[in-house]
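Colleague: fold the following, please.
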Amino acid sequence: MTSTSPDRILRLPIVLERTGLSRATLYRKIRRGTFPKQIKIAERCSGWRESAINEWLHNPIYWGMD
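Modeller: Residues are numbered from 1 along each chain as shown. Now for the predicted structure:
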C-alpha cells in the first residue's frame, strides 16, 4: 500500500518565510510568471500548493520558462 501525503496549502507568511522573498518581490514574480500563482481557498483567502513552492525552491531560475 502506497501512502501519499496530501498537497498542503501554504499561506503567505509561510511562503515568504520559506522563499526568503519580500511580499512585493513575490507578487512581482507572480505577475511576471516566474513564481506559482496562488489558488483561491475562500472569498478573501488564498494560498499556494506546497508542491508548487517546493518545485520553485528546487530551481527558481528556470521556473516558468517553458
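Colleague: where does the chain dip in pLDDT?
Modeller: 1-4, 64-66 (pLDDT under 70).
Colleague: list the contacts for the residue positioned nearest the centre of it?
Modeller: What sits nearest the mean C-alpha location of the chain, by C-alpha atoms, centre = their mean, is residue 53, with 3.9 Å. Contacts for residue 53 (C-beta atoms under 8 Å, 6 or more residues apart in numbering) come out as 10, 15, 18, 19, 36. Heads up, the C-betas are built off the backbone N, CA and C, glycines and all.
Colleague: what of residue 63?
Modeller: Going by C-beta under 8 Å, 6+ apart, residue 63 touches 34, 35, 36, 55, 56.
Colleague: report the buried members of the contacts of residue 53.
Modeller: 10, 15, 19, 36 (16 or more other C-beta atoms under 10 Å).
Colleague: which of those residues fall in helices?
Modeller: Within these, residues falling in helices by DSSP state H are 15, 19.
Colleague: residue 47 is in contact with residue 36, isn't it?
Modeller: No: with contact defined as C-beta atoms under 8 Å, residue 47 does not count as touching residue 36 (10.6 Å).
Colleague: mind checking how far the one helix or strand the residue nearest to the centre of the chain maps to is from the chain centre?
Modeller: Residue 53 is located in helix 50-58, with elements delineated by DSSP states H and E. Chain-centre distance of helix 50-58: 6 Å, with C-alpha atoms, centre = their mean, to the nearest Å.
Colleague: likewise stretch 24-41?
Modeller: 7 Å.
Colleague: show residues contacting that stretch.
Modeller: 9, 12, 15-16, 19, 21, 46-49, 52-53, 55-56, 60, 63-65.
Colleague: related to what we said a few turns ago, can you add distance to residue 27 and give the buried ones among the contacts of residue 53 back as JSON lines?
Modeller: Converted to JSON lines, the buried ones among the contacts of residue 53 look like this (distance: C-beta to C-beta, whole Å):
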{"residue": "10", "distance to residue 27": "15"}
{"residue": "15", "distance to residue 27": "11"}
{"residue": "19", "distance to residue 27": "12"}
{"residue": "36", "distance to residue 27": "12"}
